[in-house]
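Asks: My questions are about this predicted structure, shown below with the sequence.
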Amino acid sequence: MQLGLGLDFTLGLGFSEQELLAREAAELGYAEIWTPEGTGLDSFQLCAMRWRASSEVVAGGLATGIAVSPVAYRTPMAFAMSAGTIGARTGGRFVLGIGSGALHRPEFRRSMGLRSGSTLAIMRDYLTTIRALLAGETVDYEGAALSVHGQSLAIHPAPRTAVYLGALGPQMLGLGGALADGICLNWCSAEQVAQARRIVDRAAGRAGRPPGSVPLVEYIRVSVDDDVEAARRALARATLGYALGPRNAVRDRRFAYRPHFERMGFRDELAELDARRDAGASDGELADAVSDALLLAVGYFGAAEGAADHVAALASGLDVALVRVVASRGGLGAVRAVMEACAPR
């Protein structure tokens, strides 16, 4: 298993700090450095910048990737152009992870001008067309959500950049097992990782791919502080943003992360937290109320000396475990505390 690092926009890092931490990650022995993507700074450019900085420390630079970029923000050709450029520049040390984002919300689809259709069908369309473009093919494709006709990527030779699929539920995991170069998991217990591996391997087998040939990558959130309550509160706020979802978002309780956490056995606890929120509880009060059991099932908070072993336990069955930094306070010190606590031994 490879150990990587995940740095995101919540850390408030400037460009020079991004470069500095990429070099430090390489010095600490991390093999990879990844980022998510939203509507802020372009994650392709962040990956290129981090790779270039890390290449000053280790030959070839750290492998880098995006987990995940929501497909609604780009066309298949735009994904292929950006991913292919970084893939060619880094000598193949870049992974594009794509995900559904907020496609399950009809109002989001309307705001982005997307056709109707199932989220699974949309992801199949994007996955199929992006991979074909990156393989150097001329694409003629008519799907449920989009069509691409007579298009090819003008990068020679073809960059053949890996495309991973963000997946949580059985159907999306099956799609990735059949068609993707890898799977990006998120917020999983060790048992959930094992279940994901079984589903992916079965789907890969049906598609004629060998078991274990589709790698699993996952962010594991870590907050480290001598003030354990500060670390706990930071991880709790990060976790509940996913596990509970937005207020009054009914579809988020059927799709997205809510059912994922319920499948891990936290249905009753989340229902209780919902009731507290509906009664007026603040985000801080909800963070104090969530159980340690839920938080430690998917991440780590606490003193530095316990972090590496807990991450290793949660990473069982993964091909790449990405230590996603959750800062307990502002400044680079909290980021470095996590990086140093979880660094490869």
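Replies: Here it is on my side, so go on.

Asks: and Glu144, what pLDDT?
Replies: Just to correct that, residue 144 is Ala rather than Glu. pLDDT recorded at Ala144 is 83.

Asks: for the nearest residue to it once chain neighbours are set aside, what are its contacts?
Replies: Spatial nearest neighbour of Ala144, chain neighbours left out: Ala121 (3.8 Å); criterion: Cβ to Cβ, 6 or more residues apart in numbering. All C-beta spots, glycine's among them, are computed from the backbone N, C-alpha and C. Taking Cβ atoms under 8 Å, 6 or more residues apart in numbering, we find Ala121 in contact with Gly143, Ala144, Ala145.

Asks: Mind checking which of these are buried?
Replies: Among the contacts of Ala121, the ones that count as buried by 16 or more other Cβ atoms under 10 Å are Gly143, Ala145.

Asks: Adding distance to Ala22 and secondary structure, write the contacts of Ala121 out as JSON lines.
Replies: As requested, the contacts of Ala121 are exported to JSON lines (distance: Cβ to Cβ, whole Å; DSSP: H, G, I helix; E, B strand; the rest coil):
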{"residue": "Gly143", "distance to Ala22": "37", "secondary structure": "coil"}
{"residue": "Ala144", "distance to Ala22": "39", "secondary structure": "coil"}
{"residue": "Ala145", "distance to Ala22": "35", "secondary structure": "coil"}
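
Asks: Please tell me how far Met123 sits from Ala341.
Replies: Counting by Cβ to Cβ, to the nearest Å, the gap from Met123 to Ala341 is 35 Å.

Asks: count of neighbours near Asp201?
Replies: The tally of other residues near Asp201 (other Cβ atoms under 10 Å) stands at 17.

Asks: sorry, back to before: have a look at Met123 and Ala341 and say which one is more surrounded.
Replies: Higher neighbour count among Met123 and Ala341: Met123, with 25 against 19, using other Cβ under 10 Å.

Asks: so that one sits right up against Leu173, yeah?
Replies: No: using Cβ atoms under 8 Å, Met123 is not in contact with Leu173, being 11.5 Å away.

Asks: Ile98 - that's part of a strand, no?
Replies: Yes: Ile98 forms part of a strand when assessed by DSSP: H, G, I helix; E, B strand; the rest coil.

Asks: any idea which element the residue nearest to Ala144 lies in?
Replies: Using DSSP states H and E, Ala121 maps to helix 119-134.

Asks: what is the rounded mean pLDDT of that helix?
Replies: Averaged across helix 119-134, pLDDT comes to 96.

Asks: Sort out which residues of it are buried, please.
Replies: Counting neighbours by 16+ other Cβ under 10 Å, one finds that the buried residues in helix 119-134 are 119-134.

Asks: what's the answer for stretch 195-208, then?
Replies: Within stretch 195-208, the residues that count as buried by 16+ other Cβ under 10 Å are Gln195, Ala196, Arg197, Ile199, Val200, Asp201, Arg202, Ala203, Ala204.
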